[in-house]
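>>> need a structure here:
(3 chains)
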Amino acid sequence: MKLAITNGRVIDPSQNLDGDFTIYIEDGVIDAIRRDKKPRGGYEILDAKGAVVSPGFVDLHTHLRDPGFEYREDIESGSRASAAGGFTTILCMANTNPVNDNASVTSMIVNRAKEVGLTNILPVGAVSKGLKGEQLAEIGEMVKAGCMAVSDDGRPVMNGKLMRHALEYAKSFDVPVITHAEDLSLSEGGSMNEGAASTAMGLKGIPAAAEESMIQRDLLLAKLTDHHLHVAHVSTATGLEMIRRAKKEGVRVTCEVTPHHLVLTDKSCSDYDANAKVNPPLRTDEDCAALIKALNDGTVDAIATDHAPHAQDEKEKTPFDCANCGLIGMETALPVLLKLVHEKKLPLKRLISLLTSGPAKAFKLNAGSLKKGMPADIVIFDPNQNVVIDPHQFHSKSKNSPFAGWKLKGKVLHTICRGKVVYGMSLRGAQATWQSK
Amino acid sequence: MSLSQRHILSVNDLTQKDVALILKTAENLEEIAHRPVKKVPALRGKLIGLCFFENSTRTRSSFEVAAKRLSADTLSISTGGSSIAKGETLLDTIKNIEAMQPDLLVVRHASSGVPQFLSKQVACPVINAGDGSHEHPTQALLDLMTILKEKKKIKGLHVAIIGDILNSRVARSNMILLKKMGAKVSVAGPATMIPAEVEQYGVEVAHDIKKIIPKADVIMMLRIQREREADGLFPSLREYARFFGLNRETMRHAKKDAVILHPGPVNRGVEISAEVADGPHSVILDQVSNGVAVRMALLYLMCGVKQMSF
Amino acid sequence: MPEQKLLMTEAQMDKTIQGMAQKIVDDGLQEAVLVGIKTRGVPLAHWLSRHLAQITRKTPKVGELDINLYRDDLSEVAEQPVVNKTEIPFDVSACGIVLVDDVLYTGRTIRAALDALIDFGRPKFVKLAVLVDRGWRELPIQAEYTGKRIETKADEVIKVMLQETDGKNEVLLKEHFSKR
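Numbers count the residues shown, from 1 in each chain, chains lettered A, B, ... in the order given. Okay, the predicted model is just below:
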């Protein structure tokens, strides 16, 4: 099985590549990237004229809800959403039911993901048994079974001693600990950012300090344990500033931000739109600006979607303060992020690195690069095609997107995972020149 | 004449004209309460759903009396008596009520934004009878009516709102409405009870109530929920009463003609002492009668209007 | 332009009202109180009371009744009529009442006024005085005291103008008045 992708603008930040190349794929791996235009020798041809070809995107933060909450999402629908969004490697969080806090759940996810075979799914194991924040989960066994990191995401590890032990113990198995930084006593009862909007809406606010104080604690613990801490979904200017300083001091810390925290503020909650209810909450214009600055200056290692499917009954059909937190992001990430590129707030190459080599490097993943010998995980997208976000066309089972109706630019045309086209749009209305089997 | 709004969800939506129409109608309806037969047939055959998803005695009885004075039928549901307790969703409950063809729904809910949400789900007009810490528009309107009757004007008056501003929908609706009508508004209370960026309402903030009481033409005391003590917003009711309560001592600094409002129910001895609550400055009971009149006005103005395209 | 015809001048109105007052006294009803139906019934009631006072040297009390809350077409109007103040400053049960209105037409306003009055108590009697009766009754209602009785067409309108409400006193008949 040989495939050649021709005529596209290839951008691969892992090898500082940007130009017209032909990518040769053989047996699911990258065989070569060359300047020649006309491949010879039995290649199927995928013409990517006018499009950008980049390594498949890597999402360090998704919730696939499988097992336990398959009405929201399952591994198959999550895989389809991933492929449709251009993601070829995604990490899925442990807050399933049962919780992914032991090797058998990890194996189940890994096996099911392989059966579906549309995207590389790498589970994240729980830090604590049952996400209860009391006792360490069997991290070693989960890593053996395929977990790439550990996190109690969705809930913070409130107990500092447990967090310290998690960092120390995870160090023995060389997996990062992902922190969902939130001081529950400060955020208790809150359903949006604390500020003018929460006051006007009469909703209990979550102060930025609830997140920042925990980021600071975990940075100190990362320093103490000399182990890799990854800060999930940083949403505040001060939080980023603390990470920036820690990085300078040599603390082993990486971090991610989400597309929604980059482009939305707490004003999106007005009119009580529960689809804009997320944790950490959408913040302010100043925070958005600080986040974008941190994308550019290297403080942020990755953009991750925190794809969090919820059923309508849990979102817009319930009072705002009772609604679940989270929104789905894999199928909107590219056009939403390209908005920053089109507004000249972020260079395209930088964006691609934050979606590919950045996360891959942070978590030492065999992904996010088009170097020879790497898995042939590739996304081909048109950065200028106009799109209107329509949740009803999502492949995800859930529709909880605050971007519904947005007019944006940027469309994934093809996603290739392990050399196989897992998502394909025809170019300019014509049939795709190559279809998956 | 009719209101510019189909629903009454927030006082933000009301124009000055709306407010004038509501108050004028309320004043003219007030007289019904003093007749031997306290009932007019204006809303005969109309069904008004009183959907109180949060405990309430005052507001609910006020709406109920208002509806009955206008000859409307009422359908009452409250948290205890409804199937919400049995796990039915809010939307299911409201859809069931809607199937009984109400002409108007009055909604009270502990969650902010519920009346807005429900107004998009049902065909009839909705009145917000208090949602979470968001708004309580009918309370602000009845407070406005009470102040107007006492002071004959709003513009230029100094109104002090004292207490738990953070959790108070009464405070929010009053701040908006009073500012809209040209009053000067101050809020006061311990800093734990002043919400973030309250200045957006154009109000002055004080933590020492003695500083604003001498300036106030109208003093609006808010009810202190006892559970806020457990929440850590203040150390004890005793200390709260000492520093933030209205009593004979603090009233010594007040203007001679200052009037005192309280949305009720009053915690005697906490936010207001019994002698002040029952004293000559207090118009607390007038608020109750005016409440019925304002609610009658709203029911009349909103219920009678045929389906119009807004 | 609809044509209009002057039916009564101020002097004719005054004379008519004086005649009505005399008739009320002749019937022995000088103790009755007057209740004007808003809007134009109210100044008319005061006008009538002035003539009664001239005859009896005693000014009868005048109440004001707004009948909007008693209208039978509330569910049909597109917009709620503005509620005006009702003021009945006497105990209705203790007296006889003369209802006063400007024009008697379908009788529906009077029906509403009767219902409203009864909510204030049980009057000894209720009589009706109108300045103009134009016919076209839809309910079995008649006036005891009628200033002027005229035959009208359906598309005509009787416009009673009063100093207090319209700036002058006269009665007009407007033709081809397009009904709303």
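
>>> list the buried ones in stretch A:256-273?
For stretch A:256-273, burial by neighbour count (16 or more other C-beta atoms under 10 Å in any protein chain shown) applies to A:256-266, A:268-269, A:272-273. Placement of C-beta: from N, CA and C, glycine included.

>>> now check that stretch, is it near chain B?
Yes - on the criterion C-beta under 8 Å from any C-beta of the partner chain, stretch A:256-273 is in touch with chain B at A:271-272.

>>> just how off-centre is that stretch within its chain?
Centroid separation for stretch A:256-273 versus its chain: 16 Å, with C-alpha atoms, centre = their mean, to the nearest Å.

>>> what's the answer for stretch C:160-172, then?
Its chain's C-alpha centre and that of stretch C:160-172 lie 14 Å apart, by C-alpha atoms, centre = their mean.

>>> What are the contacting residues of it?
The contact list for stretch C:160-172, computed with C-beta atoms under 8 Å, 6 or more residues apart in numbering or on different chains, reads C:4-10, C:13-14, C:39-40, C:42-44, C:102-103, C:131-132, C:148, C:158-159.

>>> Just the ones of those residues in helices?
Among the contacts of stretch C:160-172, the members falling in helices (DSSP state H) are C:10, C:13-14, C:42-44.

>>> in the helix or strand hosting B:Leu301, what's buried?
B:Leu301 belongs to helix B:284-303 when assigned by DSSP states H and E. Judged by neighbour count using 16+ other C-beta under 10 Å, the buried positions of helix B:284-303 are B:284, B:286-303.

>>> how about the residues of the stretch 251-400 of chain A near chain B?
By C-beta under 8 Å from any C-beta, the residues of the stretch 251-400 of chain A that approach chain B are A:271-272, A:313, A:317-322.

>>> same thing but 10 Å
Contact residues, the stretch 251-400 of chain A versus chain B (C-beta under 10 Å from any C-beta of the partner chain): A:269-274, A:312-313, A:316-323.

>>> returning to that earlier point: now, which of the contacts of stretch C:160-172 lie close to chain B?
Among the contacts of stretch C:160-172, chain B is touched by none when using C-beta under 10 Å from any C-beta.

>>> just the buried members of those residues?
With burial judged by 16+ other C-beta under 10 Å, the buried subset of those is C:7-8, C:13, C:39-40, C:42-44, C:102-103, C:131-132, C:148, C:158-159.

>>> Report the two of those separated the most.
C:Leu7 and C:Val42 (20.7 Å; C-beta to C-beta).

>>> so where is the chain shaky, pLDDT-wise?
Answering for chain A, as no chain was given. Scanning chain A for pLDDT under 70 picks out the ranges A:425-437.

>>> nope, chain C
C:1-2, C:177-180.

>>> from the buried residues of stretch A:256-273, which single one is nearest chain B?
Set against chain B, the nearest of the buried residues of stretch A:256-273 by C-beta to the nearest C-beta is A:Tyr272 (3.4 Å).

>>> I figured the closest one hits A:Ser198, correct?
No - here A:Tyr272 lies out of contact with A:Ser198, judged by C-beta atoms under 10 Å, at a distance of 11.7 Å.

>>> Touching both of these two, which residues are there?
A:191-192, B:112 (C-beta atoms under 10 Å, 6 or more residues apart in numbering or on different chains).

>>> What's the ChimeraX syntax to select whichever of those are buried?
Per 16+ other C-beta under 10 Å, the buried members of the shared contacts of A:Tyr272 and A:Ser198 correspond to this ChimeraX selection:
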select /A:191,192 /B:112
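
>>> ok, so of the shared contacts of A:Tyr272 and A:Ser198, who is nearest chain C?
For the shared contacts of A:Tyr272 and A:Ser198, the nearest to chain C is B:Ser112 (30.0 Å; C-beta to the nearest C-beta).

>>> Disregarding flanking residues, what is the spatial nearest neighbour of the closest one?
Setting aside the residues directly before and after it, B:Ser112 is nearest to B:Gly132 in space (C-beta to C-beta, 6 or more residues apart in numbering or on different chains), at 3.3 Å.

>>> mind listing what that neighbour touches?
Neighbours of B:Gly132 in contact, by C-beta under 10 Å, 6+ apart: A:201-204, A:319-321, B:54, B:108-115, B:167, B:169.

>>> Among these, which lie within helices?
A:201, B:114-115, B:169.

>>> Most neighbours among those, please name it.
B:Val114 (30 neighbours; other C-beta atoms under 10 Å in any protein chain shown).

>>> Am I right that that one is in contact with A:Lys317?
No - using C-beta under 10 Å, B:Val114 is not in contact with A:Lys317; the gap is 11.7 Å.

>>> Redo the ones in helices among the contacts of stretch C:160-172 as a markdown table? Include distance to B:His34.
Putting the ones in helices among the contacts of stretch C:160-172 into a markdown table (distance: C-beta to C-beta, whole Å) gives the following:
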| residue | distance to B:His34 |
| --- | --- |
| C:Glu10 | 37 |
| C:Met13 | 35 |
| C:Asp14 | 36 |
| C:Val42 | 20 |
| C:Pro43 | 25 |
| C:Leu44 | 26 |
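
>>> Name the residues contacting each of B:Val114 and A:Lys317.
Taking C-beta under 10 Å, 6+ apart as the contact rule, the neighbours common to B:Val114 and A:Lys317 are B:Leu90.

>>> give me every residue that touches A:Asp36.
Neighbours of A:Asp36 in contact, by C-beta under 10 Å, 6+ apart: A:4, A:6, A:21-22, A:24.

>>> Swap in 7 Å and give it another go.
A:Thr22 (C-beta atoms under 7 Å, 6 or more residues apart in numbering or on different chains).

>>> Phi and psi next, for it.
Dihedral pair for A:Asp36: phi -60, psi 150, per degrees, to the nearest 10.

>>> can you check C:Leu65 too?
Dihedral angles (degrees, to the nearest 10) for C:Leu65: phi -120, psi 120.

>>> ditto for the one 3 residues further on
When read as degrees, to the nearest 10, the backbone of C:Asn68 gives phi -60, psi -40.

>>> Check the gap between it and chain A for me.
36 Å (C-beta to the nearest C-beta, to the nearest Å).

>>> wait, C:Asp155 sits on C:Lys174?
No - under the criterion of C-beta atoms under 7 Å, C:Asp155 is not in contact with C:Lys174, lying 9.3 Å apart.

>>> Which one's more surrounded, those two?
C:Lys174 (15 against 12).

>>> Strands of chain B, start to end?
Secondary structure of chain B (DSSP state E): strands at B:47-52, B:73-78, B:104-109, B:126-131, B:158-162, B:184-188, B:204-206, B:218-221, B:259-261.

>>> Run through who's touching the fourth one.
It stands for strand B:126-131. For strand B:126-131, the surrounding residues in contact (C-beta under 7 Å, 6+ apart) are B:7-9, B:59, B:63, B:104-109, B:111-115, B:118-119, B:135-138, B:169, B:298.
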